[in-house]
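Chemist: Only the shape, not the letters, is given here:
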């Protein structure tokens, strides 16, 4: 029985079966180098968020470029990446199921693992699992800095939780998790600055409350691709967690820099490195094309994809296995069998729909990188 492989090393791009998740190695390497340069000499630690790529090969390259480790959201992601050789991972989320906490603590045999907490109810569970694993588990207090999602209140409530962590027999207080997710896609630079200013003030109140209790806070971590320069310049954050910068997507492309230039039109130092390659399989009307990928292969939660280099092609609908496109100039519409490179609206869930990155350089397949943490949502 033949086993499907989207491509093999040294295949030309036109041999890649579609749909396929393409990764432009030149663009990826430029993005990693640019991020490393942006924190060089600042004293700010870079800990990229691997929920974007879920891929050990990319994670290893981020670490080789200066990252101190990776972040993940799920225990399953941490397991997949640690077993693939990544040895310093922070779970930037709450874990409350005792079975998952036991899995988390077991990873300490492979490397350094840390986790977040935002309530006193979590601590006995974390402490018991750490005791059983015979480890001292580093825990960060997550504070809500404006997203209205997870996180305890900044200031005294956060300091009280940190005090309880520091007083636990098998837990160690590591610092503050202060990620402002909502700020990443505020379109205007002034809006993002205002949001981060609020996050910084929340961190300062928490640090002051910790100082009153004599508790040292070695780590203040957060920030994403849309705001990381602001957190890095704040004088408060010690670590940043950008994720999407390595591959980028349409949603980040719509952000504006301080001069009002869109990120995807030169406002961002990062290049679009990831595309979904698809084939036109039907052209029922002169201006209507249907391709062989749908929302099972490209995420549409933040909008329909765009076609790279083809502003005349507009995605008008998505179903399980198909996308529909109209062409503003039917005379130039792609024919059946032609291929299109799609820029997804949201990179993270798009990656999670694929088993491999098909790594391309100069139009030739150079490698297939497995996405080890695909589907790791437990």
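Modeler: Great, that's in hand. Given the structure is predicted, the values throughout are model-derived calculations rather than measurements. Numbers count the residues shown, from 1 in each chain.
Chemist: Can you read off the pLDDT for residue 1?
Modeler: Confidence at residue 1, expressed as pLDDT, is 55.
Chemist: What mean pLDDT does the lengthiest helix in the chain get?
Modeler: Among the segments of the chain that qualify as a helix by DSSP state H, the longest is helix 189-212. Averaging pLDDT along helix 189-212 gives 98.
Chemist: swap in stretch 68-81?
Modeler: Average pLDDT, stretch 68-81: 98.
Chemist: So which residues make contact with that stretch?
Modeler: Contacts to stretch 68-81, defined as C-beta atoms under 8 Å, 6 or more residues apart in numbering, come from residues 45-51, 54, 56, 59, 62-63, 86-93, 95, 100, 103-104, 107, 112-113, 239, 241, 243, 372-373, 375-378. C-beta coordinates here come from the backbone N, C-alpha and C atoms, glycine included.
Chemist: Just give me the neighbour total for the residue nearest to residue 346 when sequence neighbours are not counted.
Modeler: Spatial nearest neighbour of residue 346, excluding adjacent residues (C-beta to C-beta, 6 or more residues apart in numbering): residue 302 at 4.2 Å. Residue 302 has 18 neighbouring residues, counting by other C-beta atoms under 10 Å.
Chemist: helix, strand or coil for residue 302?
Modeler: With DSSP: H, G, I helix; E, B strand; the rest coil as the basis, residue 302 sits in coil.
Chemist: In the chain, which strand is the longest?
Modeler: strand 274-285 (DSSP state E).
Chemist: partners of it in the sheet?
Modeler: Strand 274-285 has its sheet partners listed here by DSSP bridges as strand 20-24 (antiparallel), strand 288-291 (antiparallel), strand 339-343 (antiparallel).
Chemist: Could I get the average pLDDT for the last one?
Modeler: When pLDDT is averaged over strand 339-343, the result is 98.
Chemist: Just the buried residues of it, please?
Modeler: Burial within strand 339-343, assessed by neighbour count using 16 or more other C-beta atoms under 10 Å, is assigned to 339, 340, 341, 342, 343.
Chemist: where are the low-confidence patches of the stretch 201-350 of the chain?
Modeler: Along the stretch 201-350 of the chain, no part satisfies pLDDT under 70.
Chemist: where exactly do the strands run in it?
Modeler: All strands of the stretch 201-350 of the chain, identified by DSSP state E, counting those that start in this stretch, fall at 219-222, 239-240, 274-285, 288-291, 306-307, 313-318, 323-327, 339-343.
Chemist: again, but for the stretch 1-150 of the chain
Modeler: Going by DSSP E, counting those that start in this stretch, the stretch 1-150 of the chain shows strands at 20-24, 45-46, 70-72, 88-94, 112-117, 137-142.
Chemist: Between these, which one is closest to residue 296.
Modeler: strand 20-24 (12.4 Å; C-beta to C-beta).
Chemist: Now do the contacts for the spatially closest residue to residue 333 that is not a sequence neighbour.
Modeler: Leaving aside its sequence neighbours, residue 333 sits nearest to residue 327 (C-beta to C-beta, 6+ apart; 3.9 Å). Applying C-beta under 8 Å, 6+ apart, we find residue 327 in contact with 287, 288, 289, 312, 313, 314, 333, 334.
Chemist: Beta-bridge partners for residue 327, please?
Modeler: Beta-bridge partners, per DSSP bridges, of residue 327: residue 313.
Chemist: quick revisit: and the longest helix of the chain with strand 137-142, angle?
Modeler: 130 degrees (axes from the mean of the first three to the mean of the last three C-alpha atoms, to 10 degrees).
Chemist: what comes into contact with helix 189-212?
Modeler: If you take C-beta under 8 Å, 6+ apart as the criterion, helix 189-212 is touched by 141, 143-146, 154-156, 158-159, 162, 176, 178, 180, 182-184, 186, 216-217, 220, 222, 226-227, 230-231, 234, 236-237, 255-258.
Chemist: Mind checking which of these land in helices?
Modeler: 156, 158, 159, 162, 230, 231.
Chemist: want to throw those residues into a markdown table with neighbour count?
Modeler: Converted to a markdown table, these look like this (neighbours: other C-beta atoms under 10 Å):
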| residue | neighbour count |
| --- | --- |
| 156 | 15 |
| 158 | 26 |
| 159 | 24 |
| 162 | 26 |
| 230 | 21 |
| 231 | 29 |
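Chemist: Having no further points to raise, I will conclude here.
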